[in-house]
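K.L.:
got a sequence here, can you model it:
(chains A and B)
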Amino acid sequence: MTAVRRLVVTEKNHAALRIASILSEGKTRRSYPRKVAVFEFDRGEDQWTVVGLRGHVLKLDYTDEFNRWEATELKKLIWAEPIKEVTAHNIVETLKELAAKTDEVIIATDYDREGELIGVEALEIMRPVSPNKTVRRAKFSALTKADIDRAFENLVEVDYALAESAETRQVVDLAWGATLTRFMSLAANQLGHDFLSVGRVQTPTLALVVDREKEIENFVPQDYWSLFALLKKGEEFRAAHEKNPFWRRDEAEAARARACLAVDGKVISYEEQEKEERPPVPFSTTIFITEANRIGFSAAQAMKIAENLYQDGYISYPRTDNTVYPPTLNLRGVLNKLKASVFSDAATEILAQPSIRPTRGKTETTDHPPIYPVDAAKKTGMRSDYWRIYELVVSRFLATLAPNAVAVHQEARIDVNEEVFAAQGYRVKSPGWRKYYSYYDREEKTIPKMSQGDRVEMVKMHDLEHNKTKPPPRYTQGSLIQEMERKGLGTKSTRHEILQKLFERNYMEGRFLKPTSTGRAMVLALETHARKITEPEMTAHLESDMDEVARSIRTEKDVVTESQEMLADVLDVMDTHRDAIGMSIKVAMQEQNVVGKCPKDGGDLYVARTNRGGRYLTCMNYAQCRTWNSVPQTGDLEATGEHCPECKSIMIQHVDGRRVTKMCVNSECPSVVKRRHIGVCPKDGGNLTLRYSGRGKRFVGCANYPKCTQTYPLPQKGPIHVTGRKCEHCGSPIIETTFRGKGMWVLCINMECPGKAKNNKPKPPEKKAKKERKPKAVKARS
DNA sequence: GCAAGGTC
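P.N.:
Numbers count the residues shown, from 1 in each chain, chains lettered A, B, ... in the order given. Alright, predicted model coming up:
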């Protein structure tokens, strides 16, 4: 037998490393062509190479002819055939190079639908450089030695039908998403940065938030009355009337009147019961996000941190649906590692248990274990938010292995002149898992011990408490992600990103998720004219179509064509209502963009858009009052409720990252004139001011425009600071700006200034830079 | 500049 050269392709770098070290028994060589980790080793006669992809390295997109939104007919877009574009060039090039010198390719991507497609994409990339190679597939559901060895001893064929089913989803999602996104953006005249997106997952998710808000608005609160008594048996305790809540006031009053006649009560029953409380289940992504959300992290923040902690080797893979630790997971090994951390005492205690029996959740999958700590971390040297997430994961892990908690529940029923009152007590007797996971702690309250027939002193009969029933609560990020999971919307890896998107598009806001008027208008318009895209059932249908493709019952083309036909029908309906849809969104956006009242006539002032994507501030009565002001083109603009100290007009604030600037809305206010004043126009002596073009491009222009057309271009990014100094070469004003956060530019606004370099581009002044950064800041974490 | 799905 001659030596064989084998190339193993995995879905991610981490898997490549694991597989290489398992198959080579630790003797693997590593190199980094184009910064891509490649692992090589010999096994018997054969040479093995392992390389990791980065998930999908190709992206579906339309060809250039469809790229101009305004010039593309949506009817054609529906039927356009998308192409695959390379997104990770370094990996693709490395893959081609490796493919050229191999005899056999083994696809070892994740054992799921997307994994199959990712593998097939790799094959498509390699085929031109190395046709006719033997191709095999390794299927494993955990990166353990046993699983990997078994998979490589039992290689199978690539499942092209499964990959095709994933591709079907890509094509359908892009067609619906792109067509409806463009339709809504064009109809509402929202192009450029603030386009209005629509999608199979995001739109039904937004609809959930909107539906909840409607439920809250339509909720009719009901009056109810509650009756409480303060009783005493050695110590005082509070008891509630058994019929709480009373729906009728007269009944509650009658009960109170009767109870008031008594001077004491008689114990009907008293029970004391010990109840065991089971520890919580292991962390799936959804449960993890929910818990992180409860302690103040957004879903996206929590996942971002978890991904970094995973990369740094502190916690296991954070994208998982699994809530059952696999038997191969060495729980004791993890606990032993944690001994080298502040969790040492807890780990030791749990290790000392006669047996370690972890809790199990309802969902058991085999691809990844639940999220657990894989190594000890130190609090010092870790960012505090990272530590809090790490601590959450460790605490949860410890809790899932700890004994039940035991709590004492007390319940007493007391007869007060034939009115029955009840009182409860709750006390933790043995904390068990609660010692390690204190995020759930319930308030403890005890009532005195008593026995049947005892007399209880009546201290006071409280006045009736009058309340109204409350509407259901708004979703939190955690509860919304749970609801998405229940309805099959999105995946463990994408749900948090979908929420992020809904925030970015200004469709919803707040810690308790509330749709904006734009979000509501979007859902309303789509529910009326394109109901399909607003319902979770679209995902369910797509899933079953995909199953049929995977089982070769139907072809990709068949499913895609059917979907395109449906989309074409939807678009027809939308088109006939285009103006009404556009108007409803525009009105909603205007409402949402109101920042206060116009200083001239008290009309609503709002942030408006030019049709090229620039933005400005104007009054709803612009036709008469002509109020107009320029505003920064990037960042958020918000109402402040404050008034300008100089002219008493309202102030708005501009939030750009962490920088918050308050500004007056009155364009004639001295504070605004000063902020925008750059210098004196060399042509006619007018004021040179910072201005914005219709496209949102900023430049310096003369205030006497259009009489004087003197303009100067400016860098489009970074803050502009007027220095008041004049250029030594031409006398024009000097401004300062920062370039991508790297040091300061000091430049003359005059492009024809003789002091400028030949290429006419502003240059960073080598020596003048005032705020020279210190030598490269050390990365917060490596 | 569009979706959702992988992964960093």
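K.L.:
now do the contacts for A:R258.
P.N.:
Taking CB atoms under 8 Å, 6 or more residues apart in numbering, we find A:R258 in contact with A:417-419. Backbone N, C-alpha and C define where each C-beta goes, glycine included.
K.L.:
can you flag the buried ones in those residues?
P.N.:
Neighbour counting by 16 or more other CB atoms under 10 Å classes A:417, A:419 among the contacts of A:R258 as buried.
K.L.:
sheet partners, orientation included, of the strand ranked longest in chain A?
P.N.:
If you go by DSSP state E, chain A has its longest strand at strand A:264-277. Strand pairing for strand A:264-277, using DSSP bridges, gives strand A:405-416 (antiparallel), strand A:455-461 (antiparallel).
K.L.:
returning to that earlier point: for the contacts of A:R258, which one is nearest DNA strand B?
P.N.:
Closest approach between those and DNA strand B, by CB to the nearest atom of the strand: A:E419, at 56.0 Å.
K.L.:
could you list the low-pLDDT ranges of the stretch 551-700 of chain A?
P.N.:
Within the stretch 551-700 of chain A, the segments meeting pLDDT under 70 span A:609-614, A:634-636, A:656-659, A:675, A:692-697.
K.L.:
what comes up buried for the longest strand of chain A?
P.N.:
Within strand A:264-277, the residues that qualify as buried by neighbour count (16+ other CB under 10 Å) are A:265, A:267, A:270, A:277.
K.L.:
cool, stretch A:249-265 as well?
P.N.:
A:252, A:255-256, A:259, A:262, A:265.
K.L.:
before we move on, back to that, need the strands paired with strand A:264-277 in a markdown table (columns: mean neighbour count and mean pLDDT).
P.N.:
Converted to a markdown table, the strands paired with strand A:264-277 look like this (neighbours: other CB atoms under 10 Å; pLDDT from 0 to 100):
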| stretch | mean neighbour count | mean pLDDT |
| --- | --- | --- |
| strand A:405-416 | 20 | 97 |
| strand A:455-461 | 17 | 95 |
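K.L.:
and of the ones you listed, who's closest to A:Q190?
P.N.:
Among the strands paired with strand A:264-277, the nearest to A:Q190 by CB to CB is strand A:405-416 (53.1 Å).
K.L.:
next SSE after the closest one?
P.N.:
Heading C-terminal from strand A:405-416, the first helix or strand you meet, by DSSP states H and E, is strand A:419-430.
K.L.:
just want the angle from that following strand to strand A:264-277.
P.N.:
Strand A:419-430 and strand A:264-277 meet at an angle of 30 degrees, taking axes from the mean of the first three to the mean of the last three CA atoms, to 10 degrees as the criterion.
K.L.:
so for strand A:419-430, what gets flagged as buried?
P.N.:
Across strand A:419-430, burial judged by 16+ other CB under 10 Å covers A:419-421, A:423, A:425-426, A:428.
K.L.:
ok, stretch A:181-198 next?
P.N.:
Applying a neighbour-count criterion of 16+ other CB under 10 Å, one finds A:181-188, A:190-192, A:194-198 buried in stretch A:181-198.
K.L.:
the strands in the stretch 551-700 of chain A, which residues?
P.N.:
Under the criterion DSSP state E, counting those that start in this stretch, strands of the stretch 551-700 of chain A are mapped to A:594-597, A:604-609, A:615-619, A:628-630, A:636-643, A:650-656, A:659-664, A:677-680, A:687-692, A:698-702.
K.L.:
adding distance to DNA strand B, write these out as JSON lines.
P.N.:
Shown next, in JSON lines, are the strands of the stretch 551-700 of chain A (distance: least, CB to the nearest atom of the strand, whole Å):
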{"stretch": "strand A:594-597", "distance to DNA strand B": "23"}
{"stretch": "strand A:604-609", "distance to DNA strand B": "11"}
{"stretch": "strand A:615-619", "distance to DNA strand B": "14"}
{"stretch": "strand A:628-630", "distance to DNA strand B": "21"}
{"stretch": "strand A:636-643", "distance to DNA strand B": "17"}
{"stretch": "strand A:650-656", "distance to DNA strand B": "19"}
{"stretch": "strand A:659-664", "distance to DNA strand B": "23"}
{"stretch": "strand A:677-680", "distance to DNA strand B": "30"}
{"stretch": "strand A:687-692", "distance to DNA strand B": "18"}
{"stretch": "strand A:698-702", "distance to DNA strand B": "19"}
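K.L.:
could I get the ones you listed in a markdown table, plus columns for mean neighbour count and distance to A:R442?
P.N.:
Formatted as a markdown table, the strands of the stretch 551-700 of chain A follow (neighbours: other CB atoms under 10 Å; distance: least, CB to CB, whole Å):
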| stretch | mean neighbour count | distance to A:R442 |
| --- | --- | --- |
| strand A:594-597 | 17 | 44 |
| strand A:604-609 | 20 | 46 |
| strand A:615-619 | 21 | 49 |
| strand A:628-630 | 17 | 54 |
| strand A:636-643 | 14 | 38 |
| strand A:650-656 | 17 | 38 |
| strand A:659-664 | 15 | 39 |
| strand A:677-680 | 20 | 61 |
| strand A:687-692 | 19 | 56 |
| strand A:698-702 | 21 | 56 |
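K.L.:
could I get those as a markdown table with distance to A:E548?
P.N.:
What follows is the strands of the stretch 551-700 of chain A, written out as a markdown table (distance: least, CB to CB, whole Å):
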| stretch | distance to A:E548 |
| --- | --- |
| strand A:594-597 | 50 |
| strand A:604-609 | 44 |
| strand A:615-619 | 47 |
| strand A:628-630 | 56 |
| strand A:636-643 | 45 |
| strand A:650-656 | 49 |
| strand A:659-664 | 53 |
| strand A:677-680 | 65 |
| strand A:687-692 | 53 |
| strand A:698-702 | 54 |
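K.L.:
and of those, who's closest to A:N13?
P.N.:
Of all these, strand A:650-656 sits nearest to A:N13, with 34.5 Å by CB to CB.
K.L.:
what's the closest non-adjacent residue to A:C753?
P.N.:
Closest residue to A:C753 apart from its sequence neighbours, by CB to CB, 6 or more residues apart in numbering: A:C730 at 4.5 Å.
K.L.:
my read is that that neighbour contacts A:I749, right?
P.N.:
No. A:C730 is beyond contact range of A:I749, at 9.7 Å (criterion: CB atoms under 8 Å).
K.L.:
and the two? Which one has more around it.
P.N.:
Ranked by neighbour count (other CB atoms under 10 Å), A:C730 and A:I749 place A:I749 first, with 23 against 15.
K.L.:
isn't the more buried one up against A:Y712?
P.N.:
Yes. Between A:I749 and A:Y712 a contact is recorded at 4.3 Å, counting by CB under 8 Å.
K.L.:
before we move on, the earlier item: wait, which of the buried residues of strand A:419-430 is closest to DNA strand B?
P.N.:
Of all the buried residues of strand A:419-430, DNA strand B sits closest to A:V428, with 39.2 Å by CB to the nearest atom of the strand.
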